[in-house]
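J.: Mind folding the following:
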Amino acid sequence: MDSQVFMLYLAGMAFVGSCIGLTFQFILKSRCETIKCCGMQVTRNVVPASEATLEIPAAMVRPAG
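T.: Modelled structure (predicted):
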């Protein structure tokens with residue numbers, strides 16, 4: 001019985017962790033300036049989509065082949 005309770009506990013922790021991760025992923029990808037979620041409010045400056053670029057350092061680029 002103890003191992004079943006432990007597995008349920010781990011499954012619950014995994015579920016809660018994934019929900020938190022999905023919420024943060026939504027916030028990071030959002031283009032909104034003000035986000036209200038779960039009783040919290042975030043106000044931020046969003047870079048316009050036309051100016052948004054992702055710079056990848058040369059050390060991170062793998063050669064094709």
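J.: Can you find the helix or strand in the protein with the smallest mean pLDDT?
T.: Least confident helix or strand, the chain: strand 34-37 with a mean of 81, by mean pLDDT, DSSP states H and E.
J.: Now the following helix or strand past it - C-alpha only, PDB.
T.: Later in the chain than strand 34-37, the nearest helix or strand by DSSP states H and E is strand 40-43. What follows is strand 40-43, C-alpha atoms only, in PDB (Å, rounded to 0.1, in the frame of the first residue of the first chain):
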ATOM      1  CA  MET A  40      -1.000  37.100 -10.200                       C
ATOM      2  CA  GLN A  41      -0.400  40.000 -12.600                       C
ATOM      3  CA  VAL A  42       2.600  40.500 -14.800                       C
ATOM      4  CA  THR A  43       3.100  43.800 -16.700                       C
END
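J.: Can you list the buried residues in strand 40-43?
T.: By neighbour count on 16 or more other Cβ atoms under 10 Å, the buried set for strand 40-43 is empty. The C-beta positions use only the backbone N, C-alpha and C, and glycine is treated the same way.
J.: which residues are in contact with it?
T.: Ile27, Glu33, Thr34, Ile35, Lys36 (Cβ atoms under 8 Å, 6 or more residues apart in numbering).
J.: with those residues in mind, which one is nearest to Val47?
T.: Glu33 (11.1 Å; Cβ to Cβ).
J.: so the closest one touches Arg44, yeah?
T.: Yes - counting by Cβ atoms under 8 Å, Glu33 does reach Arg44; the two are 6.4 Å apart.
J.: on that earlier part again, just checking, what packs against the least confident helix or strand of the chain?
T.: In terms of contacts (3 or more Cβ pairs under 8 Å, 6 or more residues apart in numbering; DSSP states H and E), strand 34-37 is packed against helix 2-29, strand 40-43.
J.: looking at the ones you listed, which has the lowest confidence?
T.: In terms of mean pLDDT, the lowest-scoring of those is strand 40-43 (a mean of 85).
J.: That's all I had, so thanks and see you.
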